[in-house]
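>>> Predicted coordinates and the sequence they were generated for:
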Amino acid sequence: MFQPVRKKRIYEEIVSKIKGMIEEGRLRSGDQLPTERELSEAFRVSRSSVREALRALESQGLLASRQGNGTFVTQQPSELIVADLASAILNEKDYQAELFEMRRLIEPQLAFLAAERATPDDIAEMERLLENQEDCISRGEPGADLDRTFHDLLADATKNTILIRTMETIMESLAESRDKYLQTEGRPEISLAGHREILSAVRAGDRELAARIMREHLEDVEDSLYKDLGLEALEGRGLDGRGGFVSLRVGRGEDDGDKVF
């Protein structure tokens with residue numbers, strides 16, 4: 001009946017405070033939030049914690065980030081759609097297999113689009129993130145937050161708002177299992193290596209390679225996690241039995257046909 005109490009993370013405290021301000025009417029629809037720097041100073045926390053909190057609030061449909069203008073309190077239709085998805089997924093956290101299945105469906109396509117649409121600034125930010133992840137691992141820390149942020153940045157590079165919000169929800173739902181995976185010796189290094197391969201393909205603009213490496217990366221994480229938990233990974237991994245989904249149309253140009261992932 002009673003479950004262990006999970007220690008709150010810093011970003012969750014920030015989420016709680018901002019949600020409280022919205023619920024109390026101190027922040028209303030259309031209001032602009034202070035900058036990440038100003039919030040980090042006000043809350044006396046790191047900017048990365050503020051950033052993660054804002055992402056979580058955006059995934060719940062409470063905030064919206066407008067490029068070049070800032071972050072606003074909003075209830076736009078796109079956020080409401082994803083908020084419903086967030087509620088469904090977050091209430092079904094025990095179904096890890098289904099979450100991984102959803103990741104395998106979405107993230108290879110996400111990597112494909114990132115390779116197609118990532119700007120030099122997007123790539124530079126991902127490179128800095130991986131440098132920080134490497135430094136963190138060298139200090140003997142798992143770097144779970146940085147691991148998750150790489151996938152967030154990859155989603156940002158697609159420029160697809162609904163896809164970005166959806167990925168944030170999925171990654172948040174997998175927080176506990178990701179933490180467990182990265183606590184195992186050698187796993188942080190393996191994860192970092194996978195991220196570097198994905199980024200290399202994105203930097204080269206090789207869409208199909210980025211998608212393939214992402215799929216393999218996810219399968220490796222899933223297999224390792226399930227092995228640690230003493231469970232069997234899902235068989236088949238997709239309609240083609242090889243971890244992919246047949247005839248998934250990608251790209252936007254006239255020459256883009258059906259790609260098999």
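Sure thing, it's come through.
>>> From now on I want contacts and neighbour counts done on CA atoms only, so please keep to that.
OK.
>>> residues contacting R47?
Going by CA atoms under 8 Å, 6 or more residues apart in numbering, R47 touches E36, R37, L39, S40.
>>> which residues does the third one contact?
Translated: L39. Contacts here follow CA under 8 Å, 6+ apart; on that basis L39 touches R47, V50.
>>> what does the second one give?
Contacts for R37 (CA under 8 Å, 6+ apart) come out as R47.
>>> returning to that earlier point: wait, which of the contacts of R47 is closest to E116?
Distance to E116, by CA to CA, is smallest for E36 among these, at 28.6 Å.
>>> ok, the closest one - how many residues close by?
The number of residues packed near E36 is 18, by other CA atoms under 10 Å.
>>> Also S65?
Neighbourhood size, S65 [other CA under 10 Å]: 17.
>>> same deal with E222?
Quick note: E222 (other CA under 10 Å) scores 22 neighbours.
>>> so it makes contact with F100?
Yes: at 7.2 Å, E222 counts as touching F100 under the criterion of CA atoms under 8 Å.
>>> In TSV: the contacts of R47, plus secondary structure.
Listed next are the contacts of R47 as TSV, based on DSSP: H, G, I helix; E, B strand; the rest coil:
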residue	secondary structure
E36	helix
R37	helix
L39	helix
S40	helix
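>>> Just put those residues in JSON lines and tack on pLDDT and distance to G68.
As requested, the contacts of R47 are exported to JSON lines (pLDDT from 0 to 100; distance: CA to CA, whole Å):
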{"residue": "E36", "pLDDT": "90", "distance to G68": "13"}
{"residue": "R37", "pLDDT": "90", "distance to G68": "15"}
{"residue": "L39", "pLDDT": "93", "distance to G68": "17"}
{"residue": "S40", "pLDDT": "91", "distance to G68": "19"}
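>>> With respect to Y11, which of the residues you listed is nearest?
Nearest to Y11, judged by CA to CA, of those is S40 at 10.7 Å.
>>> does the closest one really touch V50, like I thought?
Yes: S40 lies in contact with V50 (CA under 8 Å); the separation is 6.2 Å.
>>> Looking at these two, which one has more neighbours?
Between S40 and V50, V50 has the larger neighbour count (other CA under 10 Å), namely 26 against 18.
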